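coords please:
(one chain, ligands or ions: 2)
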Amino acid sequence: MQRGEHLYAGKAKSVYLTDVPNLLIMHFRNDTSAFDGEKVAQLERKGMVNNKFNAFIMQKLEEQGIKTHFEKLLTEDESVVKRLEMIPVECVVRNIATGSLCKRLGITDGIDLNPPVFEFFLKDDARHDPMVNEYHIRSFGWAEDREIEFMKTTTFKVNDILQGLFMQHGMLLVDFKLEFGRYQGELLLGDEFTPDGCRIWDATTREKLDKDRFRRNLGGVVEAYEEVAHRIGVHLD
Ligand code: TMP
Ligand code: ASP
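Numbering: from 1, shown residues only. Ligands and ions are numbered 1, 2, ... in the order given. You can find the predicted model right below:
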């Protein structure tokens, strides 16, 4: 497959057209950002690790009946995906309180959330991804009722599947973010699932094994991603 015109560059991935209509190449770069792009760094190996991590998770989800944009791994740090028309909201599920939830509501960091909390955020770095609700999404035409319902039920299904997967290997899935897009009349899971967009703690020590290591200058960022990958069975080399 040929890498064609450069279509889009996000903070950590770039997207290219290909010689096949409706298929794109997603390139996972080593660039790492936090706080809506305010803090940035290059982390050696992260593109490769996240590419393989994402492929593994997307395939697991497909096996469990979740439709995703993922097609195949192409190179060490590139995958082939379907071209979606992205919905500009982020779907977050939280099983344990931390991050912006604690800042916003004064909730104690680390408490279990039962039932889990669901939140929508608008994808808008300049406005620091403000939280929005279903009324905003409908009024501003970002998604229709049935799409909103689909995103919520699918995000909860993904939570059930992945909480189980991480728990089997001694880890807690604290929270995560998903994005969806339209493809030939249906919604598919798009973007990525990697430690850049979720929080994972060791179940015993509660050590952070995700991008919070970068946000909080804890060091060993990619090493932690690799540790998670090895535990769940992602083949990195
Ligand atoms: P938060 O605590 O900062 O709201 O983040 C909740 C989870 O969603 C966390 O795992 C990080 C992820 N997330 C992103 O990856 N990108 C985003 O823009 C937002 C708002 C959250
Ligand atoms: N929103 C993500 C974070 O805070 C990525 C970013 O904003 O750069 O980690």
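
quick check: phi and psi at Leu61.
phi -70, psi -40 (degrees, to the nearest 10).

quick one: it and ligand 2, what's the gap?
Per C-beta to the nearest ligand atom, to the nearest Å, Leu61 is found 21 Å from ligand 2. The way it works is simple: take the backbone N, C-alpha and C, and place the C-beta from them, glycine included.

that residue: what's it in contact with?
Contacts were defined as C-beta atoms under 8 Å, 6 or more residues apart in numbering; by that measure Leu61 touches 68, 158, 161-162, 189, 193.

surely Gly170 touches Asp202?
Yes - counting by C-beta atoms under 8 Å, Gly170 does reach Asp202; the two are 6.6 Å apart.

who's more crowded, the two?
Asp202 (16 against 11; other C-beta atoms under 10 Å).

so the more buried one touches Val228, yeah?
No - assessed by C-beta under 8 Å, Asp202 is found out of contact with Val228, at 9.3 Å.

quickly list what's touching both of the two.
Joint contacts of Asp202 and Val228 (C-beta under 8 Å, 6+ apart) are 171, 209.

residues in contact with the closest residue to Glu179 other than its chain neighbours?
Among residues not flanking Glu179 along the chain, Asp191 sits closest, at 3.9 Å (C-beta to C-beta, 6 or more residues apart in numbering). Applying C-beta under 8 Å, 6+ apart to Asp191 gives the contacts 86, 178-179, 197.

quick check, pLDDT for Asp191.
Looking at Asp191, its pLDDT stands at 98.

doesn't it belong to a strand?
No - counting by DSSP: H, G, I helix; E, B strand; the rest coil, Asp191 falls outside a strand, being coil.
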